[in-house]
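Engineer: quick one, fold the following:
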Amino acid sequence: MKKFMNTAETMVAESVEGFVRAHEAFVVFGPERKCIRRRHLTLGKVALISGGGAGHEPMHIGFVGHGMLDAACVGHIFTSPTPSQIITAIEEADTGAGCLLVVKNYDGDLMNFEMAIEMAGDHHSLDMVVVSDDIETSRTGEGRGRRGVAGTLIVEKILGAAAERGMPLAELKQLGEGLNTRIRSMGVALNGGTVPQTERMTFALGPDEMEMGVGIHGEPGHARQPFTTSDAIIGHLCETIAGDIAAAPGTKALLFVNGLGGTPPAELYLSYNSARRFIEEKAIPVERSLVGTYVTSLDMQGLSVTLALLTDEEIVLWDAPVATAALHWGGIP
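Structural biologist: This next block holds a predicted model:
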């Protein structure tokens with residue numbers, strides 16, 4: 001295994017330090033480097049906080065800044081941040097209006113964020129939104145239901161814009177929970193990710209195989225299938241997603257094709273082209289789009305397709321200005 005690193009043990013800390021130094025216009029470290037927060041906080045605004053294991057970059061630290069998150073915590077690779085880290089983020093980001101924690105639906109994340117709320121709740125107004133957009137785990141009936149994957153970006157962007165407009169904590173939670181019911185994702189991989197500590201791939205595939213229904217922590221999917229054309233692969237993802245979400249007449253969609261770490265942009269755009277054609281054949285108008293590598297699983301060669309059904313007001317919030325390391329539009333320096 002060849003990677004640009006010094007040691008596996010120091011890789012995450014060195015990477016996060018490099019991120020902060022590269023994007024110091026947007027972010028700073030919190031105390032003892034337990035979290036990363038916005039350089040310029042807004043007094044009286046509900047703070048949005050998230051986090052997760054390393055290996056998913058640019059999620060979540062790349063979403064810290066105006067119009068998205070106020071703070072994020074990074075754990076070890078594929079490992080939730082600790083309650084201590086999350087409490088530090090709460091203390092750093094809360095400017096008086098409380099904090100909403102955006103949490104992906106994984107056991108470790110839920111346990112540690114819930115513990116942090118219990119420990120810090122006497123001194124801060126806190127609540128939580130759980131994102132669960134991955135249809136694969138709902139199909140298998142495993143664990144707590146659908147995992148939180150690439151749809152987390154959409155929730156964080158729309159909630160971040162609403163918080164910038166002064167929406168109070170209870171309404172932000174309601175908005176986030178409503179959004180979560182209308183976002184679905186599914187992923188596919190051509191190989192596993194390589195974990196630095198073990199120097200092994202999370203799963204191995206033959207030259208003519210692909211893994212359908214993968215997660216973002218190196219989990220294999222529900223089926224190992226023969227490799228085929230992009231149209232056939234994307235068609236299967238979109239057919240499964242469209243069959244799991246009810247699109248009423250007049251529904252407007254955001255279509256998001258996300259690279260899992262090792263897929264070139266040309267292949268992502270080709271896949272988006274297939275996905276858009278398929279979704280529009282289902283009479284679902286695609287009003288907004290996002291294509292790129294945002295929610296990763298180390299260097300996994302794969303992608304996910306996310307479909308979000310949005311109201312007119314949610315589309316306005318998606319379009320609202322944002323200034324983070326990973327997403328930046330709307331004229332903010």
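Engineer: longest helix of the chain?
Structural biologist: Secondary structure of the chain per DSSP state H: the longest helix is helix 265-281.
Engineer: show me which residues of that helix are buried.
Structural biologist: Buried residues in helix 265-281, counting neighbours by 16 or more other Cβ atoms under 10 Å, are found at 268, 271-272, 274-276, 278-279. Quick note: C-beta positions are derived from backbone N, CA and C, even for glycine.
Engineer: next, the spatially closest residue to Asn6 that is not a sequence neighbour: secondary structure please.
Structural biologist: Spatial nearest neighbour of Asn6, excluding adjacent residues (Cβ to Cβ, 6 or more residues apart in numbering): Glu14 at 6.7 Å. What DSSP: H, G, I helix; E, B strand; the rest coil gives for Glu14 is helix.
Engineer: ditto for the one 3 residues further on
Structural biologist: Under three-state DSSP, the three-state class of Glu17 is helix.
Engineer: count of residues packed around the residue lying closest to it once chain neighbours are set aside?
Structural biologist: Leaving out its chain neighbours, the residue that sits closest to Glu17 by Cβ to Cβ, 6+ apart is Arg33, at 7.9 Å. Arg33 has 14 neighbours, counted by other Cβ atoms under 10 Å.
Engineer: do a quick rundown of the helices in the chain.
Structural biologist: Ranges of helices in the chain, per DSSP H, are 11-22, 83-93, 107-120, 135-140, 151-164, 169-180, 230-242, 265-281, 312-319.
Engineer: if we can go back for a sec, and of the buried residues of helix 265-281, the nearest to Ile158?
Structural biologist: Among these, Ile279 lies closest to Ile158 (Cβ to Cβ), at 19.5 Å.
Engineer: I figured the closest one hits Val286, correct?
Structural biologist: Yes: Ile279 lies in contact with Val286 (Cβ atoms under 8 Å); the separation is 5.9 Å.
Engineer: overlap in contacts of the two?
Structural biologist: Residues touching both Ile279 and Val286 (Cβ atoms under 8 Å, 6 or more residues apart in numbering): 253, 255.
Engineer: before we move on, the earlier item: neighbouring contacts of the longest helix of the chain?
Structural biologist: Outside of helix 265-281, the residues within contact range by Cβ under 8 Å, 6+ apart are 230-231, 233-235, 237-239, 242, 253, 255, 257-259, 286, 289, 291-293, 303, 305, 307.
Engineer: list the residues that contact the closest residue in space to Glu314 that isn't next to it in sequence.
Structural biologist: Among residues not flanking Glu314 along the chain, Ile158 sits closest, at 5.6 Å (Cβ to Cβ, 6+ apart). Residues near Ile158 by Cβ under 8 Å, 6+ apart: 175, 179, 310, 314, 317-318.
Engineer: just flag the most distant two among the residues you listed.
Structural biologist: The span of these, defined through Cβ to Cβ, is set by Leu175 and Trp318 at 12.3 Å.
Engineer: compare those two (neighbour count), which wins?
Structural biologist: Shown here are Leu175 and Trp318; by other Cβ under 10 Å, Leu175 has more neighbours (22 against 18).
Engineer: any stretches of the stretch 51-200 of the chain with poor pLDDT?
Structural biologist: For the stretch 51-200 of the chain, residues meeting the criterion pLDDT under 70 lie at 137-144.
Engineer: same thing but at 50, please
Structural biologist: Along the stretch 51-200 of the chain, no part satisfies pLDDT under 50.
Engineer: check contacts around Gly148.
Structural biologist: 103-106, 109, 130-134.
Engineer: and the protein, what are its domains?
Structural biologist: 11-180, 183-324 (automatic domain parsing).
Engineer: skip the chain neighbours and tell me the closest residue to Ala22.
Structural biologist: Using Cβ to Cβ, 6+ apart, the nearest residue to Ala22 is Ala325, at 7.6 Å.
Engineer: what distance do you get for that neighbour to Glu164?
Structural biologist: Shown here: Ala325 relative to Glu164, a distance of 17 Å by Cβ to Cβ, to the nearest Å.
Engineer: same check, this time on Ile90
Structural biologist: 19 Å.
Engineer: over to Pro220?
Structural biologist: From Pro220 across to Glu164, the span is 39 Å (Cβ to Cβ).
Engineer: equivalent analysis for Met212, please.
Structural biologist: Relative to Glu164, and taking Cβ to Cβ, Met212 is found at 38 Å.
Engineer: and for Pro196, the neighbour number?
Structural biologist: Applying other Cβ under 10 Å, we find 18 residues neighbouring Pro196.
Engineer: ok, it touching Lys3?
Structural biologist: Yes: between Pro196 and Lys3 there is a contact at 6.1 Å, judged by Cβ under 8 Å.
Engineer: what touches both of the two?
Structural biologist: Common contacts of Pro196 and Lys3 (Cβ under 8 Å, 6+ apart): Met11.
Engineer: before we move on, back to that, the residue nearest to Asn6 touches Phe4, doesn't it?
Structural biologist: No: between Glu14 and Phe4 there is no contact under Cβ under 8 Å: 10.3 Å.
Engineer: of those two, which one has the most company?
Structural biologist: Glu14 (12 against 6).
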